[in-house]
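Participant: Compute the structure for the input listed below.
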Amino acid sequence: MFDLLFRPAPKPDSIQVGSKLVPLLFVHHPRARRYLLRLRQDGVARVTVPRRGSIKAATEFALRNIGWLEQQIQRLEAQPKIATEWRVGSEIYFRGERVKIEVEAGKIRFGSEMLTTPDVTLNLRPAIQKHLRKLAQQELPARVQELAALHRIEISRVSVRNQKSRWGSCSRKGTISLNWRLIQTPHFVQDYIILHELAHRRQMNHSDKFWLEVERLCPDYLVAERWLKTHRQVLS
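Facilitator: Numbers count the residues shown, from 1 in each chain. Take a look at the predicted model:
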């Protein structure tokens with residue numbers, strides 16, 4: 001899963017919105033039919049450039065929508081900040097459900113999981129993330145093998161990694177790599193990401209043929225994409 005950055009020079013790298021200077025990120029998307037503008041959670045204005053679009057037209061599009069962008073900035077600033085520490089009482093996502101971290105019989109419990117920690121008063125994030133990564137390493141590779149066999153797609157190996165900017169990847173040698181945070185998502189989202197990467201074994205690109213293959217393997221993939229878009233910022 002990646003974006004192809006469109007970097008011709010010279011190009012503006014920011015836009016003035018009220019009193020704020022907002023960074024601009026231009027992303028070329030071969031399937032886009034029009035220019036699109038959205039504000040990311042990190043405050044960057046992302047402009048999607050269609051196949052035959054230009055940076056000049058994309059910049060003009062952003063300038064025409066400064067009023068909308070200002071509204072989005074206000075909404076972003078009004079959102080509650082995501083807690084960097086997990087403590088007893090905090091809520092996290094696990095298998096697509098928002099669950100509370102609780103203490104039970106001297107152990108930490110969240111959802112169906114329980115683990116021992118030396119001090120429940122400390123930040124529990126490192127211990128819980130370690131547990132989540134272990135679960136992901138146990139469950140995700142097996143599901144990849146299952147879906148690959150079902151659709152008769154050959155792969156060489158599967159790895160579970162701490163990827164920072166993508167949910168999964170597929171190498172030309174057939175290695176499927178998945179983000180351990182998928183364990184926090186619903187099963188249908190996990191399956192979509194796996195099938196997305198398996199589709200790359202037949203189309204090593206993001207062409208129209210690739211997306212037709214994704215749709216064949218996962219007809220409701222847009223539902224999964226919407227879930228990820230909505231919840232991306234609350235996943236650890």
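Participant: name the helices or strands packed onto the lengthiest strand in the chain?
Facilitator: Criterion DSSP state E: the longest strand present in the chain is strand 20-28. The contact analysis (3 or more Cβ pairs under 8 Å, 6 or more residues apart in numbering; DSSP states H and E) places strand 20-28 against strand 4-5, strand 14-17, strand 45-49, helix 55-64, helix 66-78. All C-beta atoms are positioned from the backbone trio N, CA, C, and that covers glycine.
Participant: Now do the buried residues in it.
Facilitator: Along strand 20-28, these residues count as buried under the neighbour rule (16 or more other Cβ atoms under 10 Å): V22, L24, F26, H28.
Participant: re earlier: turn the helices and strands packed on strand 20-28 into JSON lines, including distance to I155 and mean pLDDT.
Facilitator: Formatted as JSON lines, the helices and strands packed on strand 20-28 follow (distance: least, Cβ to Cβ, whole Å; pLDDT from 0 to 100):
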{"stretch": "strand 4-5", "distance to I155": "24", "mean pLDDT": "33"}
{"stretch": "strand 14-17", "distance to I155": "42", "mean pLDDT": "88"}
{"stretch": "strand 45-49", "distance to I155": "31", "mean pLDDT": "93"}
{"stretch": "helix 55-64", "distance to I155": "37", "mean pLDDT": "93"}
{"stretch": "helix 66-78", "distance to I155": "39", "mean pLDDT": "87"}
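Participant: Deepest-packed of the ones you listed, please.
Facilitator: Sort the helices and strands packed on strand 20-28 by mean neighbour count, taking mean count of other Cβ atoms under 10 Å, and strand 45-49 sits at the top with a mean of 21.
Participant: coming back round to it: would you format the helices and strands packed on strand 20-28 as TSV with distance to S236 included?
Facilitator: Compiled in TSV, the helices and strands packed on strand 20-28 are given as follows (distance: least, Cβ to Cβ, whole Å):
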stretch	distance to S236
strand 4-5	26
strand 14-17	30
strand 45-49	22
helix 55-64	31
helix 66-78	20
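Participant: Looking at those, which is nearest to R143?
Facilitator: Checking these against R143 by Cβ to Cβ gives strand 4-5 as the closest, at 28.2 Å.
Participant: got any ranges where this protein has weak pLDDT?
Facilitator: Scanning the chain for pLDDT under 70 picks out the ranges 1-12, 79-83.
Participant: let's go with 80 and repeat that
Facilitator: 1-12, 41-42, 76, 78-83, 164-165, 233-234, 236 (pLDDT under 80).
Participant: for it, which helix is longest?
Facilitator: What stands out as the longest helix in the chain, according to DSSP state H, is helix 125-150.
Participant: looking just at contacts, which helices and strands does that helix meet?
Facilitator: Looks like helix 125-150 contacts strand 107-110, strand 113-115, strand 157-161, strand 175-179, helix 187-199 (3+ Cβ pairs under 8 Å, 6+ apart).
Participant: Buried residues, that helix. List them.
Facilitator: 125, 127-129, 131-133, 135-137, 139-141, 143-144, 147-148.
Participant: now stretch 26-39
Facilitator: Applying 16+ other Cβ under 10 Å to stretch 26-39 flags F26, H28, H29, Y35, L37, L39 as buried.
Participant: Dump those into TSV; add distance to F61 as well.
Facilitator: Listed next are the buried residues of stretch 26-39 as TSV, based on distance: Cβ to Cβ, whole Å:
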residue	distance to F61
F26	11
H28	14
H29	14
Y35	4
L37	7
L39	14
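Participant: Which two of those have the greatest separation?
Facilitator: Across the buried residues of stretch 26-39, the longest distance by Cβ to Cβ is 19.0 Å; it joins H28 and L39.
Participant: This completes my enquiry, with thanks.
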